[in-house]
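Colleague: starting from these lines, generate the structure:
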Amino acid sequence: MSISKNLISESVIGFSVAANPFAEQIDLIMHWGQQRLSRVVCVANVHMLMEARWNDTFAKVLNHADLLTPDGMPLVWTLNLLRKSTHDRVAGMYILQEVCERASVTGLPVYFLGTDSVTLGKMRQRLEQEYPNLTIAGMEPLPFRPLTPEEDAQVVQTINRSGAGIVFVALGCPKQEIWMYQHRSKIKAAMVGIGGVFPIYAGIKKHAPTWVQESGLEWLYRLVQEPGRLWQRYFKTIPPFVYLSIKQVVVTRLHRRIHRMLRAF
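Modeller: Predicted coordinates for the structure are as follows:
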């Protein structure tokens, strides 16, 4: 049985979120990268899933992703309640660091696409310090405007010629997920969307302390840092997600109880 067939997933408010342990999900990403398979990895949080609930086009993008990892702790808690077991958080920063660690050992080239040249420059400095054996296949910022067909073709050609097995994409949600979906058959590598991680890893934005991340309060930490940009997003997405996830857990457990009762007769 191939690695990809071992993927375990659970529906969370209508979207198939991976429930495998963290190491197994990284195994899968590395396998795709080593085989130069064109794959899409979406790192999901509450905002992403709720935007997809309200936008059929974006929902199609997530439903066609090869791997949807549970980034936000609310997704992990929902998985825990649905499956009655403990699940790992598979967040963008964790993915970046583990992939770079493994890639530096295996020699798998990694590409970084998006944000700006300043952020990428600071990332390169830290990557070279922490992973001196990592092969950085390329680092390329993209303009905020849509690329022309010629420019897009050049980006695809540059990435494929670089020999990269994994491409980290930082264009922001939902732009990066849509971009990866549109390039799934063009980019000969596993694409991982981790937009918000680039400036944090570069040291431009602060990373929440570990205890804040584990407590599920990272959203509050980010809100304090960027209240003007984030308060409307959180107010719009968190309450309906809580309602939908609790409803799903209650209905699922009720169905299971009824099923057990019927089997008992």
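Colleague: how about the closest residue to Lys205 other than its chain neighbours, secondary structure?
Modeller: Of all residues beyond its chain neighbours, the one nearest Lys205 is Pro199 (4.5 Å), with distances taken as CB to CB, 6 or more residues apart in numbering. Using the backbone N, CA and C atoms, a C-beta is placed for each residue, glycine as well. Each residue gets one of three states, and Pro199 gets helix by DSSP: H, G, I helix; E, B strand; the rest coil.
Colleague: burial of Pro199, as a residue count?
Modeller: Other residues lying near Pro199 total 18 when counted by other CB atoms under 10 Å.
Colleague: wait, doesn't it sit right on Leu120?
Modeller: No: between Pro199 and Leu120 no contact is recorded; they are 10.3 Å apart, counting by CB atoms under 8 Å.
Colleague: list the contacts of the residue nearest to Lys205.
Modeller: Residues touching Pro199, when contacts are defined by CB atoms under 8 Å, 6 or more residues apart in numbering, comprise 115, 119, 205.
Colleague: swap in Asn63?
Modeller: Applying CB under 8 Å, 6+ apart to Asn63 gives the contacts 15-16.
Colleague: which parts of stretch 82-97 are buried?
Modeller: 82, 87-96 (16 or more other CB atoms under 10 Å).
Colleague: turn those into CSV, columns for distance to Leu142 and secondary structure.
Modeller: Formatted as CSV, the entries for the buried residues of stretch 82-97 read as follows, by distance: CB to CB, whole Å; DSSP: H, G, I helix; E, B strand; the rest coil:
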residue, distance to Leu142, secondary structure
Leu82, 37, helix
His87, 33, coil
Asp88, 31, coil
Arg89, 28, coil
Val90, 25, coil
Ala91, 23, coil
Gly92, 18, helix
Met93, 21, helix
Tyr94, 24, helix
Ile95, 20, helix
Leu96, 18, helix
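Colleague: got any ranges where this structure has weak pLDDT?
Modeller: For the chain, the stretches with pLDDT under 70 are 1-5, 212-214, 216-217, 219-223, 230.
Colleague: where does the residue nearest the centre of it sit: helix, strand or coil?
Modeller: The C-alpha lying nearest the average C-alpha coordinate of the chain belongs to Val43 (CA atoms, centre = their mean; 1.5 Å). Under the three-state scheme (three-state DSSP), the conformation of Val43 reads as strand.
Colleague: would you map the strands across the stretch 151-265 of the chain?
Modeller: Shown for the stretch 151-265 of the chain, the strands assigned by DSSP state E, counting those that start in this stretch span residues 166-170, 190-193.
Colleague: the shortest one - contacts with which helices or strands?
Modeller: If I follow you right, that is strand 190-193. Under the contact criterion of 3 or more CB pairs under 8 Å, 6 or more residues apart in numbering; DSSP states H and E, strand 190-193 touches helix 22-34, strand 39-44, helix 92-106, strand 166-170, helix 175-182.
Colleague: tell me the one among the buried residues of stretch 82-97 nearest to Ser245.
Modeller: Distance from Ser245 was checked for each of the buried residues of stretch 82-97 by CB to CB. The minimum falls on Leu82, at 8.8 Å.
Colleague: list the contacts of the closest one.
Modeller: Listed by CB under 8 Å, 6+ apart, the contact partners of Leu82 are 10, 12, 248-249, 252.
Colleague: check Gly165 too.
Modeller: So Gly165 contacts 32-34, 36, 103, 108-110, 189-190 (CB under 8 Å, 6+ apart).
Colleague: need those in a markdown table with distance to Trp231, can you?
Modeller: Converted to a markdown table, the contacts of Gly165 look like this (distance: CB to CB, whole Å):
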| residue | distance to Trp231 |
| --- | --- |
| Trp32 | 37 |
| Gly33 | 37 |
| Gln34 | 42 |
| Arg36 | 42 |
| Ala103 | 37 |
| Leu108 | 40 |
| Pro109 | 40 |
| Val110 | 35 |
| Ala189 | 36 |
| Ala190 | 34 |
